[in-house]
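Trainee: kindly return the folded structure for what I paste below:
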Amino acid sequence: MAEFDAIQRTPFGCVGVRIEDDRLGELMFLPPQTQVLKPRGALAAEACRQIMALVENPDFSFELPLAERGTPFQRRVWHAISAIPRGCTRGYGDIARDLDSAARAVGQACGQNFFPLVIPCHRVVAAAGIGGFAHHAGGFHLQVKRWLLAHEGHALR
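Mentor: So this is what the prediction gives:
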């Protein structure tokens, strides 16, 4: 596992925080048994504080400097995801139609999201169910997705 600048425990598991060049480089969902790592540096500490602020208040909005990541298409998908309001979901196919693309391509871009929670990819679902999450079709990652959606007040099907 790559080195993190912090690992924050949450009700749904842990979140690994990577900082690069004074920007948030990546957030990664980690299983609950992962060992916590105290933040190394002010930005890692601020990222952890904001993660916990979201846990306390589903309406919290992140304000962190993000490293530039992704292809132009991925950034378009992530921008569309960022526009989905709390408590709502959109389908992969719906976003694909908006971007003149394919649902599978949108799903791949969702799975490649370096900033889950900040860019709420958990709000994107399949046409017939919850869909995958972070390139996983089951297990721990889908439990995280379900927790986040329920926390935001979304009635799961």
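Trainee: ok, the residue lying closest to residue 148 once chain neighbours are set aside to residue 42 distance?
Mentor: Spatial nearest neighbour of residue 148, chain neighbours left out: residue 122 (4.4 Å); criterion: C-beta to C-beta, 6 or more residues apart in numbering. All C-beta spots, glycine's among them, are computed from the backbone N, C-alpha and C. As defined by C-beta to C-beta, to the nearest Å, residue 122 lies at a distance of 27 Å from residue 42.
Trainee: look at those two and report which has more neighbours.
Mentor: residue 122 (29 against 10; other C-beta atoms under 10 Å).
Trainee: then that one would be within a strand, right?
Mentor: No - the assignment for residue 122 (DSSP: H, G, I helix; E, B strand; the rest coil) gives helix, which keeps it out of a strand.
Trainee: check contacts around it.
Mentor: Counting by C-beta atoms under 8 Å, 6 or more residues apart in numbering, residue 122 makes contact with 116, 133, 144-145, 148-149.
Trainee: so which of those residues belong to strands?
Mentor: Nothing among these maps onto strands, per DSSP state E.
Trainee: lowest-confidence member of those, which is it?
Mentor: The member of these with the lowest pLDDT is residue 133, and it reads 86.
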